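S.K.: Structure of the sequence below:
(one chain, ligands or ions: 2)
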Amino acid sequence: MKAEAVSRVSVVFALFDANGNGELEADDFDLMAHRVVQAVPGADEAAKGAAVEAFRGYWTALVGELDTDLDNKVSFEEFKAIVLAPERFDAALGAFADALAHLGDVDGSGTVERPVFVALMTAIGFELPNIHKLFDAFGPDDDDRVTVDTWAAGIREYYAPDASGIAGDHLVPAAVA
Ligand SMILES: [Ca+2]
Ligand SMILES: [Ca+2]
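M.R.: Numbers count the residues shown, from 1 in each chain. Ligands and ions are numbered 1, 2, ... in the order given. As a prediction, the model looks like this:
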């Protein structure tokens, strides 16, 4: 496993542990979904509902595949296995990525404006400098927007165990030194 992938997994685990108790459980994903939906007041109800469902679906996939001791929680040791068989999470991660990116497309233009991107990523728990670096790495257009597809692809790529030098590496705190 590449060092960058390990770093990203550590960051993601800390973010997913929304209630900060050191383990992942269903409550974390409900809390995160609530924060994310609150961050985009202009989004339509269908997009909000889809995002909440996608967060739950992602948790269901995670706990189903990674909870090896069957306590309905995913410890960090259990979570690290996510990069060993990423294909097992393709469907749930894809739905999660699409729902999150579409939630940010408030006007239905197929693009996400920087302020909305920042609000969503802040709600998930990323740090502001990292968020802006990632947005810039996605190559925003002249109106400072990135496409929904670019962002969704970036979310998928973030979990690739063999990737390095990808846009998502900007989310690892050390990238902003
Ligand atoms: Ca937790
Ligand atoms: Ca467990």
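
S.K.: Tell me which residues are up against the longest helix belonging to the chain.
M.R.: When the chain is parsed with DSSP state H, its longest helix is helix 45-66. Helix 45-66 is contacted by residues 24, 26, 28-30, 32-34, 36-37, 40, 72-74, 78-79, 81-82, 85, 88-89, 91-93, 95-96, 98-100, 102-103, 105 when judged by CB atoms under 8 Å, 6 or more residues apart in numbering. Yep, even glycine has a C-beta here, placed from its N, CA and C like the rest.

S.K.: Try it again at 7 Å.
M.R.: For helix 45-66, the external contacting residues (CB atoms under 7 Å, 6 or more residues apart in numbering) are 24, 26, 29, 32-33, 36-37, 72, 74, 78-79, 81-82, 88-89, 92-93, 95-96, 99-100, 102-103.

S.K.: how about that helix against ligand 2, any contact?
M.R.: No: shown here: helix 45-66 not in contact with ligand 2 (CB under 5 Å from the ion), separated by at least 7.5 Å.

S.K.: Just the buried residues of the contacts of helix 45-66.
M.R.: 24, 29, 32-33, 36-37, 74, 78-79, 82, 88-89, 92-93, 95-96, 99-100, 102-103 (16 or more other CB atoms under 10 Å).

S.K.: Just the ones in helices from those, please.
M.R.: Among the buried ones among the contacts of helix 45-66, the residues falling in helices (DSSP H) are 29, 32-33, 36-37, 78-79, 92-93, 95-96, 99-100, 102-103.

S.K.: Now the two most distant members of those residues.
M.R.: Farthest-apart pair in these is 78 and 102; separation 29.6 Å (CB to CB).
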